[in-house]
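Visitor: whatever this is, show me its structure:
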Amino acid sequence: MAEFLSLHDAVARYVQDGSTVAMEGFTHLIPFAAGHEVIRQKKRDLTLIRMTPDLIYDQLIGAGCARKVIFSWGGNPGVGSLHRLRDAVEKGWPHPVEILEHSHAAMACAFEAGAAGLPMAVLRGYIGSELPSVNEQIRFIECPFTGERLAAVPSVRPDTSIVHAQKADRHGNVLIEGIVGVQKEAVLAASQSIITVEEIVDELDTHPNACVLPSWAIDAIAVAEKGALPSYTHGYYERDNRFYKKWDEIARDRDTFTQWLNDHVLNSAESAGGQV
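Guide: As a prediction, this is how the structure comes out:
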């Protein structure tokens, strides 16, 4: 059942060195505040899973938190490369990072399989793709009913999943509104979960077919106002487009990145991802 904790205490309890961590959120609701707390606590040797690693994973990698990244697309949306990721993969700074790339479809299916407690996901995919030649997790099987050749990948079962949402009620149920990616599946697939929210309310005031994460599926809830900046939270604040453009300049240079990290994350008790 969900327990209300400070973000510091939630990360200290549920993110351990060497663990596998998924931080999900698509376009908006990206858990920047939680990622910054992971950086401040100097967690190390993490296997980071995210369908679309963008700025928050660039920051985690540059801060030395990551050992491996499992993903299906990586970049600064609408701007270009993730320079801290590239520096780690190409030049081993601050240390080498292993990457394992899937397709979007395979990652989504793998999260869904993990949420269902299945060992693998099966899909029509990777036909004509070169990814199977560089990703040993991609296998092919024969359908026992039709004989069709299908792709199979291991399910995603993180040690800890972290997502951001609009609000939680006082019973520990969480409402996610707007664009929903694989947040629900990531939480259900994980052994432990942390949800950061903009606010705690008496009633969620949901509508039919709303995406509600039930209290029994959540370990910790932490209030983190503007916890998704520089991404946006539907109904609360807009995306900080200026910061995404600025990040390209910040992340290109190791010294500039290190100074930004010191100023806006390591030496800040509460960070907003959009600070420059």
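
Visitor: can you give me the strands for the chain?
Guide: 3-4, 20-24, 46-50, 66-71, 98-101, 120-123, 139-142, 149-154, 160-169, 174-176, 192-201, 211-213, 220-223 (DSSP state E).

Visitor: quick check: buried residues in the fourth one?
Guide: Translated: strand 66-71. Buried residues in strand 66-71, counting neighbours by 16 or more other Cβ atoms under 10 Å, are found at Ala66, Arg67, Val69, Ile70, Phe71. The C-beta positions use only the backbone N, C-alpha and C, and glycine is treated the same way.

Visitor: can you tell me which of these is closest to Ala151?
Guide: Closest approach between these and Ala151, by Cβ to Cβ: Ile70, at 16.1 Å.

Visitor: what pairs with that closest one across the strands?
Guide: Ile49, Leu100 (DSSP bridges).

Visitor: what sits against the spatially closest residue to Gly64 that is not a sequence neighbour?
Guide: Spatial nearest neighbour of Gly64, excluding adjacent residues (Cβ to Cβ, 6 or more residues apart in numbering): Pro94 at 4.5 Å. Pro94 sits next to Gly62, Ala63, Gly64, Ala88 when contact means Cβ atoms under 8 Å, 6 or more residues apart in numbering.

Visitor: okay, the residues you listed in CSV with pLDDT next?
Guide: Shown next, in CSV, are the contacts of Pro94 (pLDDT from 0 to 100):
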residue, pLDDT
Gly62, 98
Ala63, 98
Gly64, 98
Ala88, 98
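
Visitor: mark which of those are buried, thanks.
Guide: Gly62, Ala63, Gly64, Ala88.

Visitor: so for Leu261, which of the strands of the chain sits nearest?
Guide: Of all these, strand 66-71 comes closest under Cβ to Cβ, at 14.1 Å.

Visitor: between that closest one and strand 46-50, how big is the angle?
Guide: 20 degrees (axes from the mean of the first three to the mean of the last three Cα atoms, to 10 degrees).

Visitor: what does strand 66-71 rub up against?
Guide: 18, 44-53, 57, 60-61, 85, 88, 97-102, 107, 156.

Visitor: stretch 232-240 too?
Guide: 27-29, 164, 166, 177-179, 198, 226-227, 229-231, 273-274.

Visitor: list only those of the residues you listed flagged as buried.
Guide: Buried by 16+ other Cβ under 10 Å: 28-29, 164, 166, 177-178, 198, 226-227, 229-231, 273-274, out of the contacts of stretch 232-240.

Visitor: tell me the pLDDT at Glu270?
Guide: Glu270 is assigned a predicted lDDT (pLDDT) of 57.

Visitor: and the one 3 residues further on, by the same measure?
Guide: pLDDT recorded at Gly273 is 45.

Visitor: from the buried ones among the contacts of Pro94, which single one is nearest Lys184?
Guide: Ala63 (28.1 Å).

Visitor: tally up the residues packed near the closest residue to Arg252 other than its chain neighbours, please.
Guide: Counting by Cβ to Cβ, 6+ apart, Arg252 lies nearest to His83, which is 4.9 Å off, once chain neighbours are set aside. Neighbourhood size, His83 [other Cβ atoms under 10 Å]: 21.

Visitor: can you put the contacts of Pro94 in JSON lines and add distance to Gly235?
Guide: Output for those, formatted as JSON lines (distance: Cβ to Cβ, whole Å):
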{"residue": "Gly62", "distance to Gly235": "31"}
{"residue": "Ala63", "distance to Gly235": "30"}
{"residue": "Gly64", "distance to Gly235": "35"}
{"residue": "Ala88", "distance to Gly235": "35"}
